[in-house]
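>>> I'd like to go over a predicted model; first the sequence, then the structure.
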Amino acid sequence: MQIKHPEILYFLFLLVIPILVHLFQLRRFKKEYFTNVRFLKELSIQTRKSSKIKKWLLLATRLLLLTCIIIAFAQPFFKAKDSKNSSNEMYIVLDNSFSMQAKGQKGELLKRAVQELLENTPENQTFSLITNSETFWNTDIKSIQKELQNLKYSALPFQLESAMAKIKSRKSAFNKDVVVITDAVGLKSKQLKSIDSDFNTYFIIPKAEHENNISIDSVFIHQTLDDFYEIGLKLSAFEEKDKQIPVALYNQNKLIAKTLTKFEVKEKTIYFTIPKKDFHGFASIIDNGLEYDNILFFSISNPKKNNVISIGQPEKANFLSRIYTNDEFNFNNFAIGTLDYNLLEKQDAIVLNELDEIPQALQTTLKSFAEKGGNLVLIPSAKASTINLNTFLRNFGNIQFKTLENKEKLITKINFSHPLYAGVFENKINNFQYPKTKNSFGIVGSNPSALYYEDQTAFLTSISNPISSVYVFAAPINPENSNFQQSPLIVPTFYKMALNNQNTGVNAITIGNNNSFLVDANLSKDAILNIKNDNENFIPVQQNLNDKVKLTFNDYPEQAGNYGIYNQKEYLKNISFNYNRTESDLAQANENLLSEYKIIDSISTVFDTLQTDRSDNQIWKWFIIFALLLLVTEMAIIRFVK
């Protein structure tokens, strides 16, 4: 026990006063009895003893009463067991990602967490609140009540390390109490390493009753017919099987197709046939899981013809003219001596078809071409100098040629996950007619290849950036050196290499991926593009590239939907944005990673625990109570004891 004001205890010397008074009352007198009251002598002797006991009881009661009063004013207490952290700063990290849309026993997890904060946070408690999208420093529950009630779900996934970095940035002499409210979906062990060991960290893990969910993941054009597109929708089912789900397709908010589908496997693709014209709408499903991944917005622009130039000998470009047909491409071939450099910047793709040497002026022009979004294809010549080739490739990335090898090799492996072959093959092909080359260069580089030789070296690799790609072959593919032109792979390979990233028909951009987007536009010096719909209007980061503008969106827009790109009031192009599907699988909850941390069932328990552990046990109140009881006891003795 400790005493807050020990100097008050000096007043215990006042206990001498009732003792002196008591002794004065007990002094002896000589008694003389009159003859007419002698018969009372016996009665007086009997009552004297009880009177003496009464005085001793009153003395003891008064001494205890005065002692309790003095000790109460000294304010004794028992020190709190966690008193060293009583001045800690409070931080609450609230996960408002889309996985918190899941329903628990008392409703949606996020809404229930907000309600508990509003009901159980003490009004005098100062704290900082950190969500995925907003931060409130040094506030109290009344000040942010409205903001909490209107808190929206964030397109940003829950990143514990980001919240911890914000907390660590608040330098203070005091330690920190951190309360993390999250469903732990997508939580990784490396994120937990960001927690400072000095922090007093609590986790509250609200749990969903069910992990069932179905999401629409992506859309693509499966086939392009004369008057129609056949589009494919990729869907994923999590803990949900053998249940029919309605799938609908809307263009400009008008229903144009609807079907029912059942999931026998986790992933499924369903197909719709739509007219071959501009599409600006969405696909939707109805399920009992999360809502945010039930709609996928996308736009289809009637693709324009791609401009492709081949630079090389005309006789070596015959196979390209059969691939790049007039209905989809504007294709031309030029020998290096007749090339008009002014045409290059207007192309979508350029093929360097076995040039013996690449002039320095052409290298400079092609570097600028790729930076502005054009695709480049390099087919080396057996007569080319590796020094000249490597000097050219240094303009684009870390790929280098080794010396030419006179050795026949088979091309045996397709990298189906490479962007070049995305959506090309319905099934993986393990046994196909292997093309071969007689002479080939070795390729050194860290980029993933699209096609491999049997010895696992690269035959076709690429250097990619968000708006263009540079494709590099390891060998000449003329008929004298290779039969690749007769392979079934030749058409999809060169067809996809000629397609500009923004002229493939479909756009459905994921918010937060930071991929760049090219728009055909000639802007004046101070002009800017903005993106808007009925609910949101924002200006993206943009770079003017002559007749094109490169847009970068960062974490915008805040809401998924269909938007338009505008040059002031002039409409330029449709564009669609969607939320990332990283939190669609509720089975990703990793609560088991938190075994080394304090897991609390509710926010009220946190505050009760902190109050109990950090508050001194004030016992002076008990001494006041004892003093009152002793006062009542004294009055009872005076009244009832004779």
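Here it is on my side, so go on.

>>> ok, residue 357 to residue 386 distance?
Going from residue 357 to residue 386 by CB to CB, to the nearest Å gives 12 Å. Placement of C-beta: from N, CA and C, glycine included.

>>> before we move on, what about residue 355?
14 Å.

>>> Look at these two and report which has more neighbours.
residue 355 (22 against 15; other CB atoms under 10 Å).

>>> Quick check, the more buried one in contact with residue 316.
No - the criterion here is CB atoms under 8 Å, and residue 355 misses it with residue 316 at 10.2 Å.

>>> Can you name the element that comes right after the host helix or strand of residue 573?
Assigned by DSSP states H and E, residue 573 belongs to strand 570-578. Next helix or strand after strand 570-578 toward the C-terminus (DSSP H and E): strand 598-599.

>>> what does that following strand rub up against?
201, 202, 203, 204, 205, 591 (CB atoms under 8 Å, 6 or more residues apart in numbering).

>>> Neighbouring strands - and their directions - for it?
strand 200-204 (parallel) (DSSP bridges).

>>> and the strand it pairs with, how far from the chain's centre?
Centroid separation for strand 200-204 versus its chain: 19 Å, with CA atoms, centre = their mean, to the nearest Å.

>>> residues of it that come out buried?
201, 202, 203, 204 (16 or more other CB atoms under 10 Å).

>>> Now for the spatially most central residue of the chain: which residues touch it?
The centre of the chain sits closest to residue 157, judged by CA atoms, centre = their mean, with a distance of 1.7 Å. Neighbouring residues of residue 157 by CB under 8 Å, 6+ apart: 97, 132, 186, 580, 582, 583.

>>> what does residue 571 give?
564, 565.

>>> what's the nearest residue to residue 274 if we skip its chain neighbours?
residue 229 (5.4 Å; CB to CB, 6 or more residues apart in numbering).

>>> The one you found pairs with what?
Here residue 229, judged by DSSP bridges, has bridge partners residue 224, residue 274.

>>> just residue 93 next, same as before
residue 130, residue 180.

>>> Just give me the neighbour total for it.
24.

>>> The nearest residue to residue 325 once chain neighbours are set aside and residue 562: what is the separation?
Counting by CB to CB, 6+ apart, residue 325 lies nearest to residue 331, which is 7.9 Å off, once chain neighbours are set aside. From residue 331 across to residue 562, the span is 34 Å (CB to CB).

>>> Between the two, point out the one with more neighbours.
residue 331 (22 against 18).

>>> these two touch, right, the more buried one and residue 319?
No - here residue 331 does not reach residue 319: they are 11.6 Å apart, not a contact under CB under 8 Å.

>>> ok, and the most crowded of the contacts of residue 157?
Counting neighbours by other CB under 10 Å, residue 97 comes out on top of the contacts of residue 157 with 26 neighbours.

>>> if I look at the residue nearest to it when sequence neighbours are not counted, how far off is residue 508?
Leaving aside its chain neighbours, residue 97 sits nearest to residue 158 (4.5 Å; criterion: CB to CB, 6+ apart). For residue 158, the distance to residue 508 (CB to CB) stands at 24 Å.

>>> So for those two, which sits in the more crowded spot?
When residue 158 and residue 508 are compared for neighbours, residue 158 comes out ahead with 27 against 19, by other CB under 10 Å.

>>> What strand or helix carries the more buried one?
Here residue 158 is assigned to no helix or strand, by DSSP H and E.

>>> In terms of pLDDT, where does it sit?
Note on residue 158: pLDDT of 87.

>>> Likewise for residue 641?
Value for residue 641, per-residue pLDDT: 71.

>>> Which strand or helix spans the nearest residue to it once chain neighbours are set aside?
Nearest residue to residue 641 in three dimensions, chain neighbours excluded: residue 54, at 4.6 Å (CB to CB, 6+ apart). Assigned by DSSP H and E, residue 54 belongs to helix 41-74.

>>> Please compute how far that helix lies from its chain's middle.
Averaging C-alpha positions (CA atoms, centre = their mean) puts helix 41-74 75 Å from its chain's average.

>>> same check, this time on stretch 335-347
Distance, centroid of stretch 335-347 to centroid of chain: 46 Å (CA atoms, centre = their mean).

>>> go on, stretch 62-82?
54 Å.

>>> Now do the same for it: mean pLDDT, whole number.
Mean predicted confidence for stretch 62-82 is 73.

>>> got it, and stretch 470-480?
Mean predicted confidence for stretch 470-480 is 92.

>>> Also stretch 399-412?
Mean predicted confidence for stretch 399-412 is 90.

>>> Tell me which residues are up against that stretch.
Taking CB under 8 Å, 6+ apart as the rule, stretch 399-412 contacts 380, 382, 386, 389-390, 393, 434-445, 447, 451-455, 457, 459, 461, 463, 472, 484, 487.

>>> In ChimeraX, how would I select the buried members of these?
What follows is the ChimeraX syntax selecting those of the contacts of stretch 399-412 that are buried according to 16+ other CB under 10 Å:
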select :380,382,389,393,435,436,437,438,439,440,441,443,445,447,451,452,453,457,459,461,463,472,484,487
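
>>> Next step: the contacts of stretch 399-412 restricted to strands.
436-445, 451-453, 459, 461, 463, 472 (DSSP state E).

>>> List the residue ranges of the stretch 351-500 of the chain that fall below the pLDDT cut-off.
422-432, 466, 500 (pLDDT under 70).

>>> So for stretch 286-297, what gets flagged as buried?
287, 289, 290, 292, 293, 294, 295, 296, 297.

>>> Switch those residues over to a markdown table; also include secondary structure, pLDDT and distance to residue 197.
Converted to a markdown table, the buried residues of stretch 286-297 look like this (DSSP: H, G, I helix; E, B strand; the rest coil; pLDDT from 0 to 100; distance: CB to CB, whole Å):
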| residue | secondary structure | pLDDT | distance to residue 197 |
| --- | --- | --- | --- |
| 287 | coil | 87 | 42 |
| 289 | coil | 85 | 37 |
| 290 | coil | 88 | 35 |
| 292 | coil | 91 | 35 |
| 293 | coil | 91 | 37 |
| 294 | coil | 93 | 42 |
| 295 | strand | 94 | 43 |
| 296 | strand | 95 | 43 |
| 297 | strand | 95 | 44 |
